[in-house]
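> need a 3D model of the following:
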Amino acid sequence: MGNSNQRMQEEKYENVMKKFKMKGSIHHNQLGIVRVYDLKDDNNYSIFEFHKTVTTSEEAKLMLAHYKNRKCYNNDHLTQIFFISEQNSQILCQDQTQLTVIGEFFYNNIQNEMKLCYLNENIRNIVQQFPELRLWQITLQIVNACAFLEKNGRYHGEIKSKNIYLHPDQSVKLTEYNFIYGSMTGYQKALLVNDFQYLSPELLKELRAKNPQPNVDLVKSDVFALGLTLLELASLSSCEQYYDWISKEVHIDRIIKANDQLIQKGYSTLFTNLIYQMISEAESRPRFTDLKEVLSNFENDINNHIDFYSKYQMKQNHQFNAYNSVYTQPYQRPGQFNQTQSIYLPNGSY
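Here you go, the predicted model:
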């Protein structure tokens, strides 16, 4: 896949486009209105084409710099841009610049996988839930992508299941909020158009105050959203139920209880403790770079489909008390933080 992208980056627009057939124009959840093309030799591989016309040279320079910078991002789990063109023209005595951006496009997302494979009554799977290894693969790939963004001074800004795209090989692809120049974060959508988002408690506080520039760690808020997304996938139930969107509050105790119940479904305490850490208070919540360091201890096992977590599975009568919230109780669960930036899992600290 990477070699295919590299070849297209080196080719001219005409040479690239003649290899594709147009599927149609769509309004995409994150990309806006784009044209979608399928590869003639392989319908599983698709691209989007985005056009933007600007009338000021300053805006054109800013947009071009934005897309050129984003095109340099080299991460297997971030949506790639591989072609940018700029055309200048004059219409009715007014200078115009048209930018064309071409990048990877993915029809499928992890929300669809959940609905089609595990919530579809017409499919009689032996396993009626996400295998834990699949969730570890998803977690690792998202963390790697978001850690890359973090190191580049960016963040995703709108993590939820329908924004986690699937490559045809079933690997994860992410498109951060400002992939398209000028796009809004999930917080801004909540503030301006009351769009529901998986916002952290600290972001909800800013939302109640109608603060246009929230004074919070936005990377850690993304980590919280990822924790809820993983809980949604494991429980096969939307985490929207834990929010009171009218009062803009989230019920952490209900989230804790739902996470505890994953143990009854056979998920390991290693996995549930990871979710606990992601939804912990902002001060002790890890960043993606912290999570990447922890997961590096299991990366080879995850990539090689090795079961490393079953020894952390517990019988139902040994499950944790659902009401001993990591937010309110003085004692610590196994796996809980006890100092900033330290991640404790059941078999020790990493």
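
> rest of the way, CA atoms for contacts and neighbours
OK.

> which sections of the stretch 201-350 of the chain are below the confidence cut-off?
Segments of the stretch 201-350 of the chain classed as low confidence (criterion: pLDDT under 70) are 314-350.

> quick one: the strands in the stretch 201-350 of the chain?
Listed in chain order, the strands found in the stretch 201-350 of the chain under DSSP state E, counting those that start in this stretch are 243-244, 249-250, 344-345, 348-349.

> which parts of stretch 234-249 are buried?
Burial within stretch 234-249, assessed by neighbour count using 16 or more other C-alpha atoms under 10 Å, is assigned to A234, S235, L236, C239, Y242, Y243, W245, K248, E249.

> for the second one, give me its contacts.
Taking C-alpha atoms under 8 Å, 6 or more residues apart in numbering as the contact definition, S235 lies against Q129, A258, L262.

> for the residues you listed, which one is nearest E293?
L262 (24.7 Å; C-alpha to C-alpha).

> from L231, how far off is the closest one?
Taken as C-alpha to C-alpha, to the nearest Å, the spacing of L262 relative to L231 amounts to 8 Å.

> who's more crowded, these two?
Neighbours of L262 and L231, each counted by other C-alpha atoms under 10 Å, are more numerous for L231; the result is 24 against 18.

> my read: the more buried one touches N259, true?
Yes - judged on C-alpha atoms under 8 Å, L231 makes contact with N259 at a distance of 6.6 Å.

> tell me, how many residues neighbour the residue nearest to P201 when sequence neighbours are not counted?
Nearest-residue entry for P201: V250, 6.6 Å, with adjacent residues in sequence omitted and distances by C-alpha to C-alpha, 6 or more residues apart in numbering. Burial of V250 is recorded as 20 neighbouring residues (other C-alpha under 10 Å).

> now V193
The number of residues packed around V193, counting by other C-alpha under 10 Å, is 9.

> and what of Y118?
Counted with other C-alpha under 10 Å, residues neighbouring Y118 total 18.

> which residues touch it?
Counting by C-alpha under 8 Å, 6+ apart, Y118 touches N125, Q128, Q129, F130, L236.

> related to what we said a few turns ago, in helices only, show me the buried residues of stretch 234-249.
In this view, the buried residues of stretch 234-249 that belong to helices under DSSP state H are A234, S235.

> out of the buried residues of stretch 234-249, which is nearest to H156?
Nearest to H156 out of the buried residues of stretch 234-249 is C239 (C-alpha to C-alpha; 19.0 Å).

> tell me which of the contacts of S235 is nearest to R154?
When these are ranked by distance to R154 (C-alpha to C-alpha), A258 comes first, at 30.8 Å.

> what about the closest one, distance to Q264?
Counting by C-alpha to C-alpha, the separation of A258 from Q264 is 10 Å.

> all helices for the stretch 151-300 of the chain, in order.
186-193, 201-208, 218-235, 252-261, 269-278, 288-295, 299-303 (DSSP state H, counting those that start in this stretch).

> got those as JSON lines, with distance to Q141 columns?
Written out in JSON lines, the entries for the helices of the stretch 151-300 of the chain read as follows (distance: least, C-alpha to C-alpha, whole Å):
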{"stretch": "helix 186-193", "distance to Q141": "21"}
{"stretch": "helix 201-208", "distance to Q141": "25"}
{"stretch": "helix 218-235", "distance to Q141": "12"}
{"stretch": "helix 252-261", "distance to Q141": "21"}
{"stretch": "helix 269-278", "distance to Q141": "15"}
{"stretch": "helix 288-295", "distance to Q141": "10"}
{"stretch": "helix 299-303", "distance to Q141": "10"}
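
> of all those helices, which one is nearest S310?
With C-alpha to C-alpha as the criterion, S310 lies closest to helix 269-278 of those, at 8.9 Å.

> and the gap between E249 and L116?
Distance check for E249 against L116: by C-alpha to C-alpha, it reads 31 Å.

> go on, E232?
From E232 across to L116, the span is 15 Å (C-alpha to C-alpha).

> of the two, which one has the most company?
The residue with more neighbours, out of E232 and L116 and counting by other C-alpha under 10 Å, is E232; that gives 20 against 13.

> so I102, which of the three states?
Recorded secondary structure, I102: strand (DSSP: H, G, I helix; E, B strand; the rest coil).

> contacting residues for I81?
I81 sits next to Y67, R70, K71, V101, I102, G103, E104 when contact means C-alpha under 8 Å, 6+ apart.

> pretty sure the fourth one contacts T53?
In this case it means V101. No - between V101 and T53 no contact is recorded; they are 11.7 Å apart, counting by C-alpha under 8 Å.

> the two: who's more crowded?
Set side by side, V101 and T53 show more neighbours around V101, with 22 against 14, by other C-alpha under 10 Å.

> all set, thanks.
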